[in-house]
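Novice: here is the input, now give the coordinates:
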Amino acid sequence: SQSDLGICLDCDADRVGLVDGKSGAILNRNNLIALVSKIALSSQHNQSLSDKVNYYKTIVTDSATSNSLSRYIIDNLKGNHIRYKKGYRYVIEKARSIPDSVLAIECSGHGAW
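Specialist: Got it, this is the predicted structure:
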């Protein structure tokens, strides 16, 4: 196909799957979280300086994510990464308890901004 990206959503749009339109490779697990984290954290960097007090920078994921994902979020994106219990409910609850969280997402692609 001539698509750049394929996007698949579940019926309530809280789970996503992405496919590279050129290679057909599926972006899942850590690659999906890395991409979504980059988008979430880069949108925060575009705020004006007066808004930096409200800068959100923590990504909460389930415990199945890799150490290399943590290093990517911390070193490359300058964010914080918290791994928590497996299960969407737990990841969401943890993110809600952290004032500067911007994203809660599981390896399955189940997530919330």
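Novice: what are the ranges of the strands in the protein?
Specialist: 5-9, 16-20, 26-27, 58-62, 80-84, 101-105, 111-112 (DSSP state E).
Novice: for these, which one sits closest to Tyr90?
Specialist: Closest approach to Tyr90 among the strands of the chain (C-beta to C-beta): strand 80-84, 5.7 Å. Where you see a C-beta, it was placed from the backbone N, CA and C, and this is true even at glycine.
Novice: elements contacting the closest one?
Specialist: Strand 80-84 sits against strand 58-62, helix 67-71, helix 88-96, with contacts defined as 3 or more C-beta pairs under 8 Å, 6 or more residues apart in numbering; DSSP states H and E.
Novice: any idea which of those is most buried?
Specialist: strand 58-62 (a mean of 25; mean count of other C-beta atoms under 10 Å).
Novice: grab the longest helix from this structure for me.
Specialist: The helix that spans the most residues within the chain, counting by DSSP state H, is helix 29-45.
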